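Participant: Structure, please.
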Amino acid sequence: MSAEPSSPYGAPPHSESALRKPLTLHRLRAMREAGEKIAMLTAYDAASASLLDAAGVDCLLVGDSLGMVMQGHASTLPVTLEQMVYHTQCVARGNRSAWLIADLPFGSYQGSTQQAVASSVALMQAGAQMVKLEGGGWTAPLIAALADRGIPVCAHLGLTPQSVHALGGYRIQGRDAQSADTLRRHAAEVGAAGAALLVLELVPSDLAAQISADYPGITIGIGAGARTHGQVLVLHDMLDITRGPKPRFVRNFMQGAPSLLDAVSSYVQAVKTGAFPDEAVHGYTA
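Facilitator: Purely as a prediction, here's the structure:
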């Protein structure tokens, strides 16, 4: 029998993922209850999905950040549902055991509950196990409608890139008392509506910790300090592929790593042990 062909990414595809059971929402909840941190990264294609899965990443996010990372746009706004379906299909083919989340892109759910359901069905049929949508307040009824139909939902609060123009740019959210109260209220609403996961982006560390302590599900931070239940980064940022300045919450895991697989494995280990993020370096204060 011939040996398994080597991979240019540092290990045979699925070398580690073949040893672990597929992640489920039940297992993710058990990890939260046990105090085990959850490691998430973005993925946009089959090769990166296979690599991340082999490195032990818990959750893969097919983010609409692909508009900037893969397509060269200045924001996520031009990304279409058809493009998200395509990339979700690609990631699903490369993934074996990680929990797979796909973004609902701008314009695919804001119109009506019927539109949100139809868009979510398209992503689920493409291979997603959960859909993610941005915003609070008005999104709670949509989340409830999706959850009632058996579609797992990840909410996204704080800096929501699809609303970047309304927010006045990529700014830290929740720094004053009024906006912090709004974030806490929106988190309570999306949690009550049935959002099993909640991404908190560019939120002061103490506020993110307060929300995480009260949230009925799982919180995932990006620029939100170390006291959420897990962390997410854009893959191309943490591998230092993205050119130009990057947010302070990004750490270059490629530095000193002999391979992409080692870099991603180091990220997973750093999240699990609490070594990343370091609130003094990567966190924000009110």
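
Participant: Where do the helices of the stretch 51-200 of the chain begin and end?
Facilitator: 66-69, 81-94, 113-125, 140-148, 164-167, 177-193 (DSSP state H, counting those that start in this stretch).

Participant: Relative to residue 129, how far out is the closest residue to residue 173 other than its chain neighbours?
Facilitator: Setting aside the residues directly before and after it, residue 173 is nearest to residue 158 in space (CB to CB, 6 or more residues apart in numbering), at 4.5 Å. (Each C-beta comes from the backbone N, C-alpha and C, glycine too.) Distance of residue 158 to residue 129, given as CB to CB, to the nearest Å: 23 Å.

Participant: more crowded one of those two?
Facilitator: residue 158 (28 against 21; other CB atoms under 10 Å).

Participant: buried stuff in stretch 129-138?
Facilitator: For stretch 129-138, burial by neighbour count (16 or more other CB atoms under 10 Å) applies to 129-136.

Participant: Pretty sure the residue nearest to residue 173 sits against residue 204.
Facilitator: No - in this structure, residue 158 is not within contact of residue 204 by CB atoms under 8 Å, at 9.4 Å.

Participant: Find the residues that touch each one of those two.
Facilitator: 174, 224 (CB atoms under 8 Å, 6 or more residues apart in numbering).

Participant: what number of residues lie near residue 180?
Facilitator: Applying other CB under 10 Å, we find 19 residues neighbouring residue 180.

Participant: again but with residue 87, I slipped
Facilitator: 23.

Participant: Relative to residue 45, how far out is it?
Facilitator: Residue 87 is 7 Å from residue 45, by CB to CB.

Participant: same deal with residue 257?
Facilitator: On the measure of CB to CB, residue 257 and residue 45 end up 20 Å apart.
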